[in-house]
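sequence and predicted structure below; questions after.
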Amino acid sequence: MTLTKKIIIFMVAGALLGLTINLSGLNENPWVSEYLINGLFHVIGQLFILSLKMLVVPLVFVSLFCGTTALRDPAMLGSIGGRTLGFYLLTTALALGIALTFALLIGVGVGADISTNPGYVAKEGKSFIDVILSIIDNPIAAMAEGNLLAVIVFSILLGLSATMAGKAGEQVIDFFKAFNEVIMKLVMLIMHFAPYAVFAILAKVLSELGLDAIRALAGYFFTVLALLIFHALVVYPLLLKLLSGLNPLTFLRKMEAAVTFAFGTSSSNATIPVTLRTVTERLGVSKSVGSFTIPFGATINMDGTAIMQGVATVFIANAYGVDLNSTQILMVVLMATLASIGSAGVPSAGLVMLQGVLLQAGLPIEGIGMILGIDRLLDMTRTAVNITGDSAVTCIVAKSQGQLDQSVYDDPNAGVIKE
């Protein structure tokens, strides 16, 4: 059995167990709640997520360094970087435009109960200027704090310096190449525990939430869910076909494992090791390109988050009886697109960034409390969309640069992990 199939089986089993516990009322039993849901399930899920996060900073640093040194020519790095950033911003703007248009057309949030979850306390998010200033930092401090933008900038600059440093640079490059191989082997070891972790995470989430939270905000929930699915299964495949000529069905089939990981962890950053392996070994993207675009995308490309923010803004505006004018809508698009650059690739980071979007549109941030209860399930889905977008853009950029192996892309068994 492939690892992907095993993950899907355990994911379904975890969801069924979680719903069974919730619907039967067992989640209210103190023993079940303390020792099973918040004990065993929580510990198993968190240990796996933490083990992936443990690898994120060293993997991003080493893989970007290796990717930069593999490109050699600074002009090629500039070309790939510019194309990647342009495509990421394009897909985010498309996601927002689609979300706002559809939400306004169907009037999502009209008649909603604004008293739902009134206890939300908004966290302070970074301003755009703070985000820009944070890209240059002490590299050790940036690694310790998980400031991936600063880690990305430092690793690229260090990689460029190594290519210009002659013999000393070659010695450093050889060391990092070997280090990169060791880290990827560690990724493979951890991935084999994924089915059990996904089972535990879904069992915990659904045993706590159940179906009641979804029923209360069904219009918002299913609008966001439908748009996320549409963006992943229609928009990305269309862009992939139009801009690269690659087969979208092959792409979607090979993304199964990474998408499942992202859904289970709700963290683009934690999924970086799996996404990077998928694009390089399953989809045939060269390591020099994938090592640059995937960590970069996990940091700035948040299409799923943009869709949530667009629908949530319209939902909250309608719930409070506020008519959004064209200026407010334009500001929402601009703010949410820029906010995606500074949004951390961690669970529920989109809610923190949403407050800035609401403030820009003149809407009360207390409205976030309405959607807080069901955000966890949507967060899992939008993370899966985010990493699908990262991978689609990576394939487009790699193909345009002649850095994609078509034979690997077309081979259905390339990079398959057997259990």
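Yep, it's here. Numbering: from 1, shown residues only.

over to the spatially most central residue of the chain: give its phi and psi.
Central residue of the chain (CA atoms, centre = their mean): Ser268, 3.3 Å from the mean position. Dihedral angles of Ser268 (phi, psi; degrees, to the nearest 10) stand at phi -60, psi -40.

who are the contact partners of it?
By CB atoms under 8 Å, 6 or more residues apart in numbering, the residues touching Ser268 are Ala262, Gly297, Ala298, Met302, Gly345, Thr383, Asn386, Ile387, Asp390. To be clear about C-beta, it is placed using only N, CA and C from the backbone, and glycine gets the same treatment.

so what secondary structure elements neighbour the helix or strand containing the first one?
Taking DSSP states H and E as the criterion, Ala262 maps to helix 256-265. Applying 3 or more CB pairs under 8 Å, 6 or more residues apart in numbering; DSSP states H and E, one finds that helix 256-265 makes contact with helix 3-23, helix 42-71, helix 194-209, helix 272-277, helix 375-400.

what mean pLDDT does that helix get?
Averaged over helix 256-265, pLDDT sits at 83.

tell me what angle it forms with helix 194-209.
Relative orientation of helix 256-265 versus helix 194-209 (axes from the mean of the first three to the mean of the last three CA atoms, to 10 degrees): 40 degrees.

what angle separates helix 256-265 from helix 3-23?
Going by the same axes, to 10 degrees, helix 256-265 makes 30 degrees with helix 3-23.

adjust the sequence numbering to begin at 489 for everything that follows.
From this message on, residue numbering opens at 489, which makes the last subject helix 744-753.

next one: helix 744-753 to chain centre, how far?
10 Å (CA atoms, centre = their mean, to the nearest Å).

same deal with stretch 880-893?
For stretch 880-893, the distance to the chain centre is 20 Å (CA atoms, centre = their mean).

which parts of that stretch are buried?
For stretch 880-893, a neighbour-count test (16 or more other CB atoms under 10 Å) marks Ala880, Val881, Thr882, Cys883, Ile884, Val885, Ala886, Lys887, Ser888, Gln889, Gln891, Leu892 as buried.

in three-state terms, label Ile624 for me.
coil (DSSP: H, G, I helix; E, B strand; the rest coil).

wait, Ile525 touches Glu516, no?
No. With contact defined as CB atoms under 8 Å, Ile525 does not count as touching Glu516 (10.5 Å).

okay, those two: which has more neighbours?
Ile525 (22 against 10; other CB atoms under 10 Å).

mind checking how far that one is from Ala503?
14 Å (CB to CB, to the nearest Å).

cool, Ser895 as well?
37 Å.

who has more neighbours, those two?
Ala503 (17 against 8).

and stretch 662-672, which residues are buried?
Under the neighbour-count rule (16+ other CB under 10 Å), stretch 662-672 has Phe664, Phe667, Asn668, Ile671, Met672 buried.

what's the local residue count around the nearest residue to the second one once chain neighbours are set aside?
Ranked by CB to CB, 6 or more residues apart in numbering and with sequence neighbours excluded, the top spatial neighbour of Phe667 is Val550, at 5.3 Å. Other residues near Val550 number 22, with proximity taken as other CB under 10 Å.

before we move on, what about Leu511?
14.

do the same with Ser774
Neighbour tally, Ser774, other CB under 10 Å: 18.

one more: the one 5 residues further on?
Ser779: 29 surrounding residues under other CB under 10 Å.

convert the helix or strand containing it to CSV, retaining C-alpha atoms only.
Using DSSP H and E, Ser779 maps to helix 775-788. Extracted C-alpha coordinates of helix 775-788, given in CSV (Å, rounded to 0.1, in the frame of the first residue of the first chain):
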residue,chain,number,x,y,z
LYS,A,775,15.9,20.9,-6.9
SER,A,776,17.4,24.3,-7.7
VAL,A,777,14.0,25.7,-8.6
GLY,A,778,11.9,23.8,-6.1
SER,A,779,14.2,24.7,-3.2
PHE,A,780,13.6,28.3,-4.0
THR,A,781,9.9,28.5,-4.9
ILE,A,782,8.3,26.2,-2.2
PRO,A,783,9.8,27.8,0.9
PHE,A,784,9.1,31.2,-0.7
GLY,A,785,5.5,30.2,-1.5
ALA,A,786,4.9,28.9,2.0
THR,A,787,5.9,32.3,3.3
ILE,A,788,4.0,34.7,0.9
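
tell me the helix or strand right after that helix.
helix 791-807.

packing partners of that next one?
helix 562-594, helix 706-718, helix 814-830, helix 837-848, helix 856-859, helix 863-888.

export those helices to a markdown table and tack on distance to Asn635?
Output for the helices and strands packed on helix 791-807, formatted as a markdown table (distance: least, CB to CB, whole Å):
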| stretch | distance to Asn635 |
| --- | --- |
| helix 562-594 | 18 |
| helix 706-718 | 28 |
| helix 814-830 | 11 |
| helix 837-848 | 14 |
| helix 856-859 | 25 |
| helix 863-888 | 19 |
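
most packed of those?
Mean neighbours per residue, mean count of other CB atoms under 10 Å, is largest over the helices and strands packed on helix 791-807 for helix 863-888, with a mean of 26.

which regions of the stretch 589-738 of the chain sit below the pLDDT cut-off?
599-616, 619, 636, 697-704 (pLDDT under 70).

try it again at 90.
589, 591-592, 594-645, 647-648, 650-655, 657-658, 661, 664-709 (pLDDT under 90).

as a check, name the ranges of all helices in it.
Assigned by DSSP state H, counting those that start in this stretch, the stretch 589-738 of the chain shows helices spanning 616-621, 627-633, 636-652, 654-679, 682-697, 700-704, 706-718, 724-732, 736-742.
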